[in-house]
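*Asks:* coordinates for the following, if possible.
(one chain, ligands or ions: 2)
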Amino acid sequence: MIKVQDSSKKFFFEKTLGLARKGWGDTHPNPMVGAVIVEEGKSVAEGYHRKSGGPHAEVEAFKNLGRKPAPGASIFISLEPCSTTGHTPPCVDAIIESGIKIVYVGTLDPNPVHAGRGLAILRKAGVTVEMASDDFGKQASRLNFIFNLNITKKRPLLALKLAESSNGKLSEVAGKTSRVTEAEARLDVMHWRRLFPAICVGSGTVLADNPSLTSRQTQGTFCPVRLVLDSTLRTLHETVSPRNLYRDAFTSKTRILTTVTGMDNLKAVKKAQEYGISLVEMGQQENGQIQLSEIPDFLKKLNLNALYCEGGSRVAKSLLKEGLVDYLFRYESPKIFSGLNALPGPDLGSFPLREPIEAQLGEDRIIHGFL
Ligand SMILES: NC(=O)c1ccc[n+]([C@@H]2O[C@H](COP(=O)([O-])OP(=O)(O)OC[C@H]3O[C@@H](n4cnc5c(N)ncnc54)[C@H](OP(=O)(O)O)[C@@H]3O)[C@@H](O)[C@H]2O)c1
Ligand SMILES: [Zn+2]
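*Replies:* Ligands and ions are numbered 1, 2, ... in the order given. All right, here's what the predicted structure looks like:
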């Protein structure tokens, strides 16, 4: 058995994360995973999990190697190898069959029933298993924050994204669109939109901003399932010009969540049919608005394991008040919107973040973490 030198381990572990990230947004409901086969201190084959149902990272790496690993070879994997049969046979079997005698693992399986099981099977078969440093383990685990919550809480993850001025406003003039953050922060939003399988906004935002809610990046445009919260179907009113998400190339991805009041609005229902937009009747609260607590079950039924909610102010306040937000993305701009008509956001100061990650994005900052 030839152990990889300590100085190279960090490099190979980081390589597994880079590979894992290639599956960004494509692996749901599975995690992103990367694997590197190392012989004599050099990477000889790599693999990552591309999409659910497809080969796992380890199997991809073996396939790319195209031969049996040389004696003394090792494998680095960002996540503990699976030990149960899903769409594909367990990866621990593939590793044992390959003859590899040392496995470096980034982080454990988040499922408490499986955590450590794959490693125990490997050890029993005479394979040495070494875990990454705690620091790397945390990074590797955080990459799959959606998957981890799905597994441990058995429900979809709900994230809220807000962009605030330095004095806590979401818009320079309430009900009007305004540029809160600049290019780098906007690009960052595109990156997160690409990760989430579904996105949502309130009717107020659809009317004010006319957003498309797509992820537009140099590598192409991606459209998540787009949900609009519109209790009365006012976004389909005859005086409202057709909104972008009702008439662009991705209309089949748009669904309007409404209430019995909306379904009784026959003119609007007809408009939705004309546009080819599906309407979904949700429960109605006493104040006439949509019962937001039904959203997780609704997502589950559509096999959507995470939702990126982009506000606006009212929807954000309701979601926070009902304790439905698992993860918060908070963009902070240095701009000050001091006008009387500026739109205040929710008081995010009373929602401290766990395991926050902060970054500077041009003139703006982002802080994101768990609620
Ligand atoms: N800076 C940012 O991060 C950001 C993000 C998005 C938007 N904005 C800005 O925010 C403004 C729009 O915000 P907004 O507060 O007016 O509208 P909003 O939050 O986008 O939508 C609110 C509407 O959603 C509908 N809704 C249905 N069920 C609801 C529930 N349970 N709780 C809350 N709302 C529910 C309600 O209308 P019905 O009763 O008609 O259904 C409600 O009036 C615009 O100026 C926009 O530019 C800023
Ligand atoms: Zn596997």
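*Asks:* who's in contact with the nearest residue to I77 once chain neighbours are set aside?
*Replies:* On the basis of CB to CB, 6 or more residues apart in numbering, the spatially nearest residue to I77 that is not a chain neighbour turns out to be A35, at 4.7 Å. C-beta coordinates here come from the backbone N, C-alpha and C atoms, glycine included. The neighbourhood of A35, defined by CB atoms under 8 Å, 6 or more residues apart in numbering, consists of 16, 19, 46-48, 57-58, 60-61, 75-78.
*Asks:* mean confidence (pLDDT) on the host helix or strand of A35, please.
*Replies:* Counting by DSSP states H and E, the element that carries A35 is strand 34-39. Mean pLDDT, strand 34-39: 98.
*Asks:* residues in contact with the longest helix seen in the chain?
*Replies:* Selection of the longest helix in the chain by residue count, based on DSSP state H, yields helix 6-21. Outside helix 6-21, the residues that touch it by CB under 8 Å, 6+ apart are 4, 31-36, 38, 41, 43, 46-49, 57, 76-79, 104, 106, 132-133, 136, 139-140, 143.
*Asks:* chain center to stretch 8-19: distance?
*Replies:* Relative to the chain's own centre, stretch 8-19 is displaced by 22 Å; criterion: CA atoms, centre = their mean, to the nearest Å.
*Asks:* stretch 220-230 now?
*Replies:* When distances are taken as CA atoms, centre = their mean, stretch 220-230 is centred 14 Å away from the chain's centroid.
*Asks:* for it, give me every contacting residue.
*Replies:* The contact list for stretch 220-230, computed with CB under 8 Å, 6+ apart, reads 25, 193-194, 196-203, 206, 213-215, 235-236, 245, 249-250, 253-258, 262, 290, 292, 302, 304, 307-308, 315.
*Asks:* likewise for stretch 283-296?
*Replies:* For stretch 283-296, with CB under 8 Å, 6+ apart as the criterion, the contacting residues are 155-156, 158, 200, 229, 231-232, 257-261, 282, 307, 318-319, 322, 324.
*Asks:* buried residues in it?
*Replies:* For stretch 283-296, the neighbour count (16 or more other CB atoms under 10 Å) marks 284, 289-290, 292, 295-296 as buried.
*Asks:* what's the answer for stretch 178-191, then?
*Replies:* 178, 180-181, 185-186, 188-189.
*Asks:* want to throw these into CSV with distance to ligand 1 and pLDDT?
*Replies:* As requested, these are arranged in CSV below (distance: CB to the nearest ligand atom, whole Å; pLDDT from 0 to 100):
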residue, distance to ligand 1, pLDDT
S178, 6, 92
V180, 5, 96
T181, 8, 97
A185, 10, 98
R186, 11, 97
D188, 13, 98
V189, 9, 98
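*Asks:* take those and keep only those in helices.
*Replies:* Per DSSP H, the buried residues of stretch 178-191 map to helices at 185-186, 188-189.
*Asks:* any idea which of the residues you listed is closest to ligand 2?
*Replies:* Out of these, the one with the shortest distance to ligand 2 is D188. That distance is 30.7 Å, counting by CB to the ion.
*Asks:* out of the contacts of A35, who's the most crowded?
*Replies:* If you count neighbours using other CB atoms under 10 Å, the busiest of those is S78, which has 34 neighbours.
*Asks:* quickly find the element holding that one.
*Replies:* strand 74-79.
*Asks:* same question, I121
*Replies:* Assigned by DSSP H and E, I121 falls in helix 117-124.
*Asks:* elements contacting the very next helix or strand once past that helix?
*Replies:* For helix 117-124, the succeeding helix or strand toward the C-terminus, using DSSP H and E, is strand 128-131. Using 3 or more CB pairs under 8 Å, 6 or more residues apart in numbering; DSSP states H and E as the contact definition, the elements that strand 128-131 packs against are strand 102-107, helix 117-124.
*Asks:* list the strands paired with strand 128-131, with their directions.
*Replies:* strand 102-107 (parallel) (DSSP bridges).
*Asks:* about what we covered before: could you work out the most separated pair of the buried residues of stretch 178-191?
*Replies:* Comparing every pair within these by CB to CB identifies S178 and D188 as the most remote, at 18.2 Å.
*Asks:* returning to that earlier point: now the buried members of the contacts of stretch 283-296.
*Replies:* Burial by neighbour count, judged by 16+ other CB under 10 Å, picks out 156, 158, 200, 229, 231-232, 257-259, 282, 307, 318-319, 324 from the contacts of stretch 283-296.
*Asks:* before we move on, the earlier item: quick one: which of the contacts of stretch 220-230 sit in helices?
*Replies:* Secondary structure assignment by DSSP H places 193-194, 203, 206, 245, 262, 315 of the contacts of stretch 220-230 in helices.
*Asks:* residues from the stretch 1-150 of the chain in reach of ligand 2?
*Replies:* Neighbours of ligand 2 within the stretch 1-150 of the chain, by CB under 5 Å from the ion: 56, 82, 91.
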